[in-house]
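1. quick one, fold the following:
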Amino acid sequence: MKRWLKLAAGAAALTLATAGCAGSSGSDTAASSSGNAPLSGTVTVWLMTGSAPSTLTDALNKEFEGAHPGVKVKYEVQQWDGIQQKLTAALASGNPPDVIEVGNTQTASFAAQEGVLTDLTADKDSFNGSQWLKGLADSGAYNGKVYGVPFYAANREVIYRKDMFEQAGIAKTPTSNDEWLDAIGKLKAKFGSDPEFQALYMPGQNWYALLSFIWDNGGDIAKADGKNYKATLETPEAKAGLDFYKKLVDTSGTKAPKDADEAKPQQATIYGAGKVAMMIGLPWELPTAAKTDPSLTAKTGAFAIPSKTAGQSAPVFLGGSNLAIPANSKNVAAAKEYIKLLSSAKYQSQLAAAGVVPGASTDLTGLDKDPLGSVMAKSSANGKAVPASPKWGDVESGQNPVKDMLTAYLTGKKTIDQATADADAALNKLIGG
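-> Numbering: from 1, shown residues only. Below you'll find the model as predicted:
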């Protein structure tokens with residue numbers, strides 16, 4: 001047993017005992033993936049709730065079992081809450097699931113541990129590798145090897161009220177930062193007499209939006225420094241992105257809290273109240289808003305987050321998941337065949353039709369029917385991921401230094417130099433070594 005598995009075994013046993021986590025069923029060893037002998041046994045698949053519609057997984061599992069009569073699929077839907085601990089326990093056990101879905105910001109933490117995930121570098125082509133979404137593919141790679149196969153992704157866009165834009169005399173959606181700021185000015189001129197109106201709802205800690213502005217200016221949160229990472233928020237490029245974030249907040253006069261993100265309160269609920277002209281969000285936030293006012297569905301459109309360069313859009317953060325195979329899976333050959341089928345054009349197109357960006361296909365036509373989904377799809381080609389640090393999970397699960405930096409700068413408690421220096425110091429403690 002590899003070193004990480006030895007270290008995790010005790011904690012895994014305790015987790016399983018106290019949390020009641022069900023392990024994988026016993027799986028017969030499959031035939032060699034390089035041979036022609038038929039596959040056999042059970043392949044246990046863990047996908048996360050909401051990742052793929054049941055119509056897709058039902059058809060997939062049926063087709064897979066039909067193509068491999070000796071194999072039974074044990075399909076289990078997992079909950080995001082507590083999944084890090086449950087995966088850790090399962091991977092440390094002697095009988096893990098055979099195919100797992102891993103969040104793209106979690107993948108590096110597992111890939112960095114020797115003997116935890118199967119190296120899939122040699123299998124990339126069989127998983128439709130030539131069509132992988134780059135930003136998602138980057139998150140599944142570690143030290144030049146592939147451990148995660150892109151599953152699906154989503155990214156933010158500017159969701160806006162078409163009727164308000166028309167009434168304010170905005171003839172076309174913004175395609176540069178200057179045009180965006182100009183649209184905010186026109187909206188305020190038209191509707192600003194209403195004290196509850198917000199041209200743009202912009203909470204102080206929407207750090208995924210901040211990433212777009214930092215990347216658009218040529219900066220980044222952190223850069224690789226050997227096997228570790230070094231925070232780079234003090235660079236002029238990163239500061240330019242932070243400064244534009246503040247300009248949006250100040251110009252829009254948003255009433256959103258500066259010490260909370262887009263989920264506290266849910267910005268879709270605020271948008272649904274009818275006094276907000278724009279928000280930076282995900283396509284499925286509109287149905288939430290429309291629960292308050294169903295007419296918003298027809299009144300709402302979307303455009304890509306503008307760039308400082310006219311006619312371009314800013315890079316966007318790609319959230320999403322990868323598919324991986326535990327190194328101690330009892331049925332690696334069958335697991336690879338399962339991922340191969342899920343990565344095929346047939347099932348990737350169904351993911352697009354379900355409203356997400358497929359990770360292993362460049363065919364995005366399934367999203368064309370949705371005005372918001374189609375904008376997301378086009379933006380995804382310019383998508384990026386957070387630094388592939390195995391310790392990145394500590395940034396998001398703890399006291400996120402990027403959020404603290406935003407609040408400190410937006411409230412005036414710190415200058416931009418102080419705020420970025422403190423954020424870099426805090427990030428370096430988490431991912432720097």
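
2. now the residue nearest the centre of the chain, nearest residue through space, not along the chain?
-> Centroid-nearest residue in the chain, with CA atoms, centre = their mean: Gly319, separated by 0.9 Å. Nearest non-adjacent residue to Gly319, counting by CB to CB, 6 or more residues apart in numbering: Ala154, 5.5 Å away. Heads up, the C-betas are built off the backbone N, CA and C, glycines and all.

3. so what's Val43 bridging to?
-> Val73 (DSSP bridges).

4. measure it to Asp58 for me?
-> In this view, Val43 and Asp58 are 16 Å apart by CB to CB, to the nearest Å.

5. please apply the same query to Asp178.
-> 49 Å.

6. one more: Lys255?
-> 45 Å.

7. and these two? Which one has more around it.
-> A direct count of neighbours by other CB atoms under 10 Å for Lys255 and Asp58 places Lys255 higher, at 15 against 11.

8. sec struct for the more buried one, please.
-> coil (DSSP: H, G, I helix; E, B strand; the rest coil).

9. one step back: can you give me phi and psi for the residue nearest to the centre of the chain?
-> Main-chain torsions, Gly319, degrees, to the nearest 10: phi -90, psi 160.

10. dump the residue contacts of Phe64.
-> Val43, Val71, Val73, Glu337, Tyr338, Leu341 (CB atoms under 8 Å, 6 or more residues apart in numbering).

11. find the nearest non-adjacent residue to Asp368, please.
-> Distance criterion CB to CB, 6+ apart; nearest residue to Asp368, sequence neighbours excluded, is Ser374 at 5.2 Å.

12. A strand includes the one you found, no?
-> No. Looking at Ser374 with three-state DSSP, it is helix, so not inside a strand.

13. which pLDDT value goes with it?
-> pLDDT recorded at Ser374 is 97.

14. if we can go back for a sec, ok, of the contacts of Phe64, which one's closest to Asp404?
-> Set against Asp404, the nearest of these by CB to CB is Tyr338 (41.8 Å).

15. name the helix or strand for the closest one, please.
-> Using DSSP states H and E, Tyr338 sits within helix 332-342.

16. how about the strands in the stretch 101-250 of the chain?
-> 141-142, 145-146, 149-154, 157-161, 222-225, 228-231 (DSSP state E, counting those that start in this stretch).

17. can you report how many residues neighbour Asp424?
-> With other CB under 10 Å as criterion, Asp424 counts 22.

18. surely it is in a helix?
-> Yes. If the criterion is three-state DSSP, then Asp424 is within a helix.

19. what pairs with the nearest residue to it once chain neighbours are set aside across the strands?
-> Leaving aside its chain neighbours, Asp424 sits nearest to Ala231 (3.9 Å; criterion: CB to CB, 6+ apart). Beta-bridge partners for Ala231, by DSSP bridges, are Ala222.

20. let me know the pLDDT of Ala231.
-> pLDDT recorded at Ala231 is 97.

21. quick check: it vs Ala408, distance?
-> Between Ala231 and Ala408 the distance is 15 Å, computed by CB to CB.

22. who's more crowded, these two?
-> Ala231 (28 against 21).

23. quick check: Gly383 touching Leu133?
-> Yes. The pair Gly383 / Leu133 is scored as a contact, 6.9 Å apart, by CB atoms under 8 Å.

24. how deep is the closest residue to Asp394 other than its chain neighbours tucked in, by neighbour count?
-> Spatial nearest neighbour of Asp394, excluding adjacent residues (CB to CB, 6+ apart): Leu430 at 4.8 Å. Leu430 has 20 neighbours, counted by other CB under 10 Å.

25. helices of the stretch 51-200 of the chain, start to end?
-> Assigned by DSSP state H, counting those that start in this stretch, the stretch 51-200 of the chain shows helices spanning 54-67, 83-92, 107-111, 134-139, 162-167, 177-191.

26. wait, the residue nearest to Asp424 sits on Ala421?
-> No. Here Ala231 does not reach Ala421: they are 9.8 Å apart, not a contact under CB under 8 Å.

27. for the protein, what are the low-confidence residue spans?
-> 1-37 (pLDDT under 70).
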